[in-house]
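[1] missing the sequence, but the structure's below:
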């Protein structure tokens, strides 16, 4: 029960940043820090003893593992220090019990302090209205915090994504194969952390009790392993969805055909067709792909991959 957190210095928090219900607790603790040196001394001593106790407990756990191995060796009539380990472990357990008694004694002295008792009376005797207000504001903060965190993360990730997307769009427009290839992969790579952060925010917003109840239900039927299969399946489905969207919206066959026709490229291999050929190249000199087909309405030649006839505007049906 250490007063000062090891991970966060609560003394650095201003009163304005603390919830109104909790402000009195902060003010009382400030009084203890400023005027009551006895309490501070007790907390310092308590923290020191708790550190020693935790270290000793770690040593006892390691000693138990070594002792179990030594007992097996003794049963096998091999020389060992099993008896010595047992005596050492007994001494350490006695010391551990002494540390626990000291901790309980210091905690009792702290709880007996008048100022500290006032804090507990305020916490335990807080009226229902304040309690309800605190729970409501905590629920609101718990909902909005993941969203605010997501917006801050997207403020860094989205500009990078749009830079790569702009580069990719420009490379496709200029028919730069190498740059299009590199930028398209960078677009996908930049999109992955954005998508992951959005999922994280959704899972943080979803009430944790709902997930806990689901896990408890699965555990009651000894089906907890199904949860991990569901997570793997969801991950695979999400990955397939992302690939599908990229293929259909960014690298679709229709967009590729439109780009090749507009740039005068071969509709088969994508290489630029020679412009000096009278009437335009009918067959690609690189792959032999036939560039034209006969429109069923006007019977004139038009691009083989076009959606509409260039002569009469007839719309071709997709095969």
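    Looks like it arrived, so ask away. Worth saying up front: this structure is predicted, and the values here are computed from it rather than measured.
[2] show me the contacts for residue 57.
    Counting by C-beta atoms under 8 Å, 6 or more residues apart in numbering, residue 57 touches residue 96. Quick note: C-beta positions are derived from backbone N, CA and C, even for glycine.
[3] Relative to residue 64, how far out is it?
    11 Å (C-beta to C-beta, to the nearest Å).
[4] What of residue 103?
    22 Å.
[5] More neighbours: which of those two?
    Between residue 103 and residue 64, counted using other C-beta atoms under 10 Å, the more crowded position is residue 103 (17 against 12).
[6] What is the neighbour count of the residue nearest to that one when sequence neighbours are not counted?
    In space, residue 103 comes closest to residue 49 once its chain neighbours are excluded; the distance is 5.7 Å by C-beta to C-beta, 6 or more residues apart in numbering. Applying other C-beta under 10 Å, we find 17 residues neighbouring residue 49.
[7] can you check residue 187 too?
    Using other C-beta under 10 Å, the number of residues around residue 187 comes to 20.
[8] which residues does it contact?
    Contacts of residue 187 (C-beta under 8 Å, 6+ apart): 161, 164-165, 168, 250.
[9] rerun that using 10 Å as the cut-off
    With contacts defined as C-beta atoms under 10 Å, 6 or more residues apart in numbering, the neighbours of residue 187 are 161-169, 246, 250.
[10] which element is it on?
    helix 177-205 (DSSP states H and E).
[11] quick check, distance from that helix to the centre of its chain.
    The chain centre lies 14 Å from the centre of helix 177-205; the measure is C-alpha atoms, centre = their mean, to the nearest Å.
[12] Can you give me the buried ones in that helix?
    180, 183-184, 186-187, 190-191, 194, 197, 201 (16 or more other C-beta atoms under 10 Å).
[13] Lowest pLDDT pick from the residues you listed?
    Lowest pLDDT of those: residue 180, 77.
[14] Do I have it right that that residue meets residue 164?
    No. If you go by C-beta atoms under 10 Å, residue 180 and residue 164 don't touch, sitting 11.7 Å apart.
[15] Skipping its backbone neighbours, what lies nearest residue 268 in space?
    Distances taken as C-beta to C-beta, 6+ apart place residue 289 nearest to residue 268, at 2.9 Å, with adjacent residues excluded.
[16] on that earlier part again, drop the exposed ones from the contacts of residue 187 and show what's left.
    Buried residues within the contacts of residue 187, counting neighbours by 16+ other C-beta under 10 Å: 161, 164-165, 167-168.
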